[in-house]
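> For reference, the sequence and a predicted model appear below.
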Amino acid sequence: MVKATHDQRSYLSDKECFPQLSALAAAADDCVAKGRAEHLTHDCRAWFDSLLLSDDLSRIVVQSLQSVANGDLVHHDWLSKTAEEWVVLETRDYSLRLVARKPRPAPLLQSLNFNCLVGNMSGQEFSIARYYFPPDSKIDEFKVGLQASENGRIILARGQSVELLASQDIPKIDIRIPTLTLTLYSKVYAPLIWCFDTASLKSVMALASHDSPVRRQAGASMLQHIHQSETLPVEASLANLSKLVLDSSHFVRWAAIQGLCAIDLEYARPYLLRAANDPHSSIASAAQRAIKTYLN
């Protein structure tokens, strides 16, 4: 996916020409305003399906291709720079895109970056095999060797859609010819993307999602390793790690505390003492062991 640097809402300037698109945008904006961005795909499903069955998208394609033929812009806002995607709407909170999907071998199954709605705009139907996360797994605590479970297969004909959830679904899209889909997703990102072997369905690795806690964890660890191997001023690193100690993800908090302890144990003392009462049990117990070892 592409990280947009600005909003793309130019099609909304003509609400009479694109009434279903305008209705979806209004519903999505209302959902965000109510603090329900995480549930946007559920709340906006009816408007998404109405747009999928309307002529709005065909008119958008025709209008935009005419602008290309006229040479209006070198690179259009609606054209993704890194993927085969047509950006219909792009805001800070959600994105609506036409996606040209091609048959490609997938060596790994991947969980989702975010909740999304996927609708079929092509005449050719395609299927999505759905898998669930391993039982009792936590999406923000990756473990190798856990097995995903099968959850059936969905067939999407033209005009049909499905909602996929980042906390639950691991989809495998099976297409045999290039297929055009409509995708709506809210920018509430999963903490991790899990990868599974397609044959055994066992978890093999994890990837950082957009602005993932994993990246902040890696940053905290990097600061620790830099100061262990180099003689550098520590003030800036201590300040950054002190902020990461307050992170919402428990493994980021612990990485930050470890970094503080490695750089300056005396500076880290109050943070380590507070961590002994961390709401996450693994952090609290680890901090208590560290206090007994290093502070007593």
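Okay, I see it.

> Show the contacting residues for Cys195.
Counting by Cβ atoms under 8 Å, 6 or more residues apart in numbering, Cys195 touches Leu108, Leu109, Gln110, Ser111, Ser203, Val204, Met205, Ala206, Leu207. Just so you know, the C-beta spots here come from the backbone N, C-alpha and C atoms, and that holds for glycine as well.

> do Thr198 as well
Thr198 neighbours (Cβ under 8 Å, 6+ apart): Ala106, Pro107, Leu108, Leu109, Lys172.

> Glu163 touches His42, doesn't it?
Yes: judged on Cβ atoms under 8 Å, Glu163 makes contact with His42 at a distance of 6.5 Å.

> can you list residues touching both of these two?
Jointly contacting Glu163 and His42 under the rule Cβ under 8 Å, 6+ apart are Asn115.

> before we move on, the earlier item: from the contacts of Thr198, which two are the most distant?
Across these, the longest distance by Cβ to Cβ is 11.7 Å; it joins Pro107 and Lys172.

> of those two, who's got more company?
Lys172 (15 against 8; other Cβ atoms under 10 Å).

> Can you check the pLDDT for Ala220?
At Ala220, the pLDDT value in this model is 74.

> residues near the closest residue to it other than its chain neighbours, how many?
Distances taken as Cβ to Cβ, 6 or more residues apart in numbering put Ala255 closest to Ala220, at 3.9 Å, once the chain neighbours are dropped. Look at Ala255: counted by other Cβ under 10 Å, it has 26 neighbours.

> Skip ahead from the helix or strand Ala255 falls within and say which helix or strand is next.
Taking DSSP states H and E as the definition, Ala255 sits inside helix 250-263. Proceeding N to C from helix 250-263, the next assigned helix or strand is helix 265-275, under DSSP H and E.

> Can you find the helix or strand in this structure with the smallest mean pLDDT?
In the chain, the helix or strand scored least confidently by mean pLDDT, DSSP states H and E is helix 213-229, which has a mean of 68.

> which of the residues in the next helix or strand after that helix are buried?
Using DSSP H and E, the helix or strand that follows helix 213-229 towards the C-terminus is helix 235-244. Across helix 235-244, burial judged by 16 or more other Cβ atoms under 10 Å covers Ser237, Leu238, Leu241, Ser242, Leu244.

> Can you spell out which helices and strands pack onto helix 235-244?
The contact analysis (3 or more Cβ pairs under 8 Å, 6 or more residues apart in numbering; DSSP states H and E) places helix 235-244 against helix 213-229, helix 250-263.

> pLDDT below threshold where in the chain?
For the chain, the stretches flagged by pLDDT under 70 are 1-6, 64-84, 208-215, 218-219, 225-232.

> Please parse it into its domains.
19-209, 212-295 (the TED database).

> quick one: the helices in the stretch 51-200 of the chain?
Assigned helices in the stretch 51-200 of the chain, in chain order: 56-69 (criterion: DSSP state H, counting those that start in this stretch).

> May I have the residues that are in contact with the closest residue in space to Ser237 that isn't next to it in sequence?
Spatial nearest neighbour of Ser237, excluding adjacent residues (Cβ to Cβ, 6+ apart): Leu223 at 4.6 Å. By Cβ under 8 Å, 6+ apart, the contact set of Leu223 is Ser237, Asn240, Leu241, Gly259, Ile263.

> Could you check how many residues crowd around the fourth one?
In other words, Gly259. Using other Cβ under 10 Å: Gly259 sits among 28 other residues.
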